[in-house]
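> structure for this input, please:
(one chain, ligands or ions: 2)
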Amino acid sequence: MRGSAGLDRTGGPGVQGTGVGVLDKGELAGFLGGLIARYRVFAPVQEAETTRFAPVSSAGEVTMPATVTSRPLKEIFLPPSETLLEFEVGTAGGMVSSVKVEPVGPGVGVGTGIDVGVGTSDDDSDRPRVIFGTRPCDARSLLLLDKVFDSADYKDGHYVARRRGTAIISVACNEPAETCFCTSTGGGPFDEAGSDVILEDLGEVYLVKAVTDRGAELIAGLEGAVPGFWRLSRPAEDGIEGGGRLEAEDDERLEQLLAAGRDARKRAEARIPALVPARGIHEKLKVIFEHECWGELYRKCLGCAACAYLCPTCHCFDIADEAIDSKGRRVRCWDACMFPMFTLHASGHNPRPGRKERFRQRVMHKFSYFVENNGDIACVGCGRCIENCPVNMDIRSVLASLDAISISPDSSASPAVSAGAV
Ligand code: SF4
Ligand code: SF4
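Numbering: from 1, shown residues only. Ligands and ions are numbered 1, 2, ... in the order given. Sure, this is the predicted structure:
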């Protein structure tokens, strides 16, 4: 697979072999219809003032936002709330005599080392799922979540079942928003990491590039079935008949489109301003953990956790048992390190007692601890936290302020950071 080093998932043909198609832009609705006929399709939809990924049954329901959806892609794989198991307690003589436990959800039976395969999902077990319209930063965020929920050491059955049963079709960003900084986090507006297929908008047409084997299979299945879509490269033995399709040997056309894609990528990247010091700051963060800068940086934070809930890579959750009489269920729901209850001990002690400690934790986790544990930062530069913070906290400015702190030779940090930069 082509894309950012360190986050490749499955490998695939990229622009080689079967991997490239072209779609007339006016036929996008037909393309979506072709997907809907074959798969359980999720795509961006408008809900009041927000956009989110939701199941769609027709192309008319899809609303592509200029960049990312307001709600993060993670909720398709890690729902805000889900039942993990149900239980029933039996009593005899006023004492508990039995406890019946029934695991529920898509991850039942999924354990370490068990591959559930494509096609397993909780909402429609007979049909594999496709998510259409992901932006590259969100596709990349899934590779970071995989490091937590689908690692060699630990597999979360529910997450794994949803993830492996879902193909990702992204659309590259020709016009990144002012809040986008994906190029500082290892990605980019045309980044392919995490996508199975990526569409590049070249004006009259979309270049449709398979990034993984699953993506190649997916677009091969659409050829001949979707008007205005054809592959520019395909295996000779394919033998698909059909008019309107360019010949496999039409290398000149293919090269023109690939060159146009490269130009569009350059233009999009140029729209994202200066690089943010997001990568490479993890060592410094360890040194300045106790620095007085945190006492200024956190100040305007309300502790509302909007940033964490909307972040595509934040993944903290809580698990609670809910019961009425003898029956109940175990529920997992999103949680956030910005809340005081998150680390409150039963004794009443709280190791992160104030907003300062909680604000610092979020920054440390994303840009230092996650790097140590998983080899990358836990931020894809989507800008949601910047866009939605009620007090205009800007993670880019926070990182710039931290980066500006000079470290003395004995590794203790010196001057305080300016609160005005945040
Ligand atoms: S959204 Fe802003 S105010 Fe709310 S917790 Fe995050 S940084 Fe603090
Ligand atoms: S920290 Fe902010 S910019 Fe980075 S991935 Fe999360 S929401 Fe997006």
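
> low-confidence regions, the stretch 151-300 of the chain specifically.
When residues are selected by pLDDT under 70, those of the stretch 151-300 of the chain lie in 233-250.

> can you give me the strands for the chain?
20-24, 40-47, 50-55, 81-92, 95-103, 129-134, 166-171, 197-201, 205-210, 229-231, 317-324, 327-334 (DSSP state E).

> closest to Asp251 out of the ones you listed?
Taking Cβ to Cβ, strand 20-24 is the member of these nearest to Asp251, at 11.0 Å. Placement of C-beta: from N, CA and C, glycine included.

> what's the closest one packed up against?
Contacts defined by 3 or more Cβ pairs under 8 Å, 6 or more residues apart in numbering; DSSP states H and E place strand 20-24 against strand 205-210, strand 229-231, helix 251-270.

> partners of the shortest one, with directions?
When pairs are called by DSSP bridges, strand 229-231 turns out to pair with strand 20-24 (antiparallel).

> for the partner strand, give the mean pLDDT please.
For strand 20-24, mean pLDDT rounds to 92.

> hmm, who's touching it?
The contact list for strand 20-24, computed with Cβ atoms under 8 Å, 6 or more residues apart in numbering, reads 31, 199, 204-210, 219, 222-223, 226, 228-233, 246, 254, 257-258.

> could you redo the last one with a cut-off of 6 Å?
Phe31, Val205, Tyr206, Val208, Lys209, Ile219, Gly228, Phe229, Arg231, Leu232, Ser233 (Cβ atoms under 6 Å, 6 or more residues apart in numbering).

> what residues does this structure have near ligand 1?
Within the chain, the positions adjacent to ligand 1 are Cys301, Leu302, Gly303, Cys304, Ala305, Ala306, Cys307, Met338, Cys389, Pro390, Val391, Met393 by Cβ under 6 Å from any ligand atom.

> hmm, try it at 5 Å
Cys301, Leu302, Cys304, Ala306, Cys307, Met338, Cys389, Val391, Met393 (Cβ under 5 Å from any ligand atom).

> and the third one, how close does it get to ligand 2?
Here the distance between Cys304 and ligand 2 works out to 14 Å (Cβ to the nearest ligand atom, to the nearest Å).

> what does the second one give?
When Cβ to the nearest ligand atom is applied, the distance between Leu302 and ligand 2 equals 16 Å.

> low-confidence ranges, the stretch 301-422 of the chain, go.
For the stretch 301-422 of the chain, the stretches with pLDDT under 70 are 409-422.

> need the nearest residue in space to Val56, chain neighbours excluded.
Spatial nearest neighbour of Val56, excluding adjacent residues (Cβ to Cβ, 6 or more residues apart in numbering): Ala43 at 4.9 Å.
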